[in-house]
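Engineer: pasting the structure only:
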């Protein structure tokens, strides 16, 4: 699922998580509709009486033209009206079928257990042309929380921005999973110097980039309307899995402006 190059970028225990630890301790040092196709047929039968005028005894008697005669799909000459006393009592036993717009995440969003993010320091680092990593931390001492914007070039659908612009987060299945996202907005809580308490991955929002470039230039932009859900991340596959009944994190607005260092 990942190329050797990406594996190298993420190498080590919880590789992308390891990057978070590395930037937390180095870059910042000193400063995770359906459509109901009801195919049951109307089985109500015509109750209109015939006129009894069949001459040969073998020709089916045609329904008369009384005002209560109702079409039931069995006789093409029936005249429909709205007074048919026979209701459709057939039970729909057909399961709802998924349509082309169904997505794996059309469940209710996680609640905003956490709101906003106040940073005491922000740092950014670029590793060649492969990764641009921004991290904001909530405190200069442990335990602290981290909000990160992780751009993995060569991955993602759509791919990460490498020029000023606006990027809508988590619009595809690839962008909704940590193993495959190219533009990953992640929050990690309670880092004690060794492990994180909880991990959250963006499920929506907008990343706006005003300035981005090589090492030595500024990385400037903002996040708006971000929603995140609690996930677990497999340390071997990097696949993120939403935590059933887990917490959520909402960030209405967050701005950043920091120099990009080498990583």
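Structural biologist: Sure, I can see it. This is a predicted model, so every value here is computed, not measured.

Engineer: these two touch, right, residue 210 and residue 220?
Structural biologist: Yes - contact criterion C-beta atoms under 8 Å: residue 210 and residue 220 qualify, at 4.5 Å. No exception for glycine: its C-beta is placed from N, CA and C like everyone else's.

Engineer: These two: who's more crowded?
Structural biologist: Comparing residue 210 with residue 220 by other C-beta atoms under 10 Å, the one with more neighbours is residue 220, at 17 against 14.

Engineer: List the residues that contact the more buried one.
Structural biologist: Residues near residue 220 by C-beta atoms under 8 Å, 6 or more residues apart in numbering: 209-212, 256-258.

Engineer: Okay, buried residues for stretch 207-218 please.
Structural biologist: 207, 209, 212 (16 or more other C-beta atoms under 10 Å).

Engineer: Closest to residue 232 out of the residues you listed?
Structural biologist: Closest approach between the buried residues of stretch 207-218 and residue 232, by C-beta to C-beta: residue 207, at 23.7 Å.

Engineer: List the contacts of the closest one.
Structural biologist: Neighbour list for residue 207: 149, 161, 166-167, 169, 183, 185, 221-223 [criterion: C-beta under 8 Å, 6+ apart].

Engineer: Report pLDDT for it.
Structural biologist: Residue 207 is assigned 98 on the pLDDT scale.

Engineer: Next up, identify which helix or strand it is on.
Structural biologist: Secondary structure assigned from DSSP states H and E places residue 207 in strand 198-211.

Engineer: Pairing partners for that strand, with directions?
Structural biologist: With DSSP bridges as the test, strand 198-211 is paired with strand 165-168 (antiparallel), strand 183-191 (antiparallel), strand 218-233 (antiparallel).

Engineer: Buried deepest among those strands, which one?
Structural biologist: When you average the neighbours per residue for each of the strands paired with strand 198-211 (mean count of other C-beta atoms under 10 Å), strand 183-191 leads with a mean of 22.

Engineer: got the contact list for it?
Structural biologist: So strand 183-191 is contacted by 16-17, 20-21, 24, 114, 117, 142-152, 156, 160-161, 167, 169, 175, 178, 196-202, 205, 207, 223, 226, 228, 249 (C-beta under 8 Å, 6+ apart).

Engineer: ok, so of the contacts of residue 220, who is nearest residue 130?
Structural biologist: Checking the contacts of residue 220 against residue 130 with C-beta to C-beta, the nearest one is residue 212 at 14.6 Å.

Engineer: can you pull the contacts of the closest one?
Structural biologist: Residue 212 is in contact with 132, 161-164, 219-221, counting by C-beta under 8 Å, 6+ apart.

Engineer: quick check, nearest of the residues you listed to residue 241?
Structural biologist: Of all those, residue 241 sits closest to residue 132, with 25.8 Å by C-beta to C-beta.

Engineer: Not counting sequence-adjacent ones, nearest residue to that closest one?
Structural biologist: Setting aside the residues directly before and after it, residue 132 is nearest to residue 151 in space (C-beta to C-beta, 6 or more residues apart in numbering), at 4.3 Å.

Engineer: Who does the helix or strand harbouring the one you found pair with, and is each partner parallel or antiparallel?
Structural biologist: Using DSSP H and E, the element containing residue 151 is strand 144-152. As defined by DSSP bridges, the strand partners of strand 144-152 come to strand 131-137 (antiparallel), strand 183-191 (antiparallel).

Engineer: pLDDT weak spots in this structure?
Structural biologist: Low-confidence segments of the chain (pLDDT under 70): 1-109.

Engineer: Kind regards, and thank you for your time.
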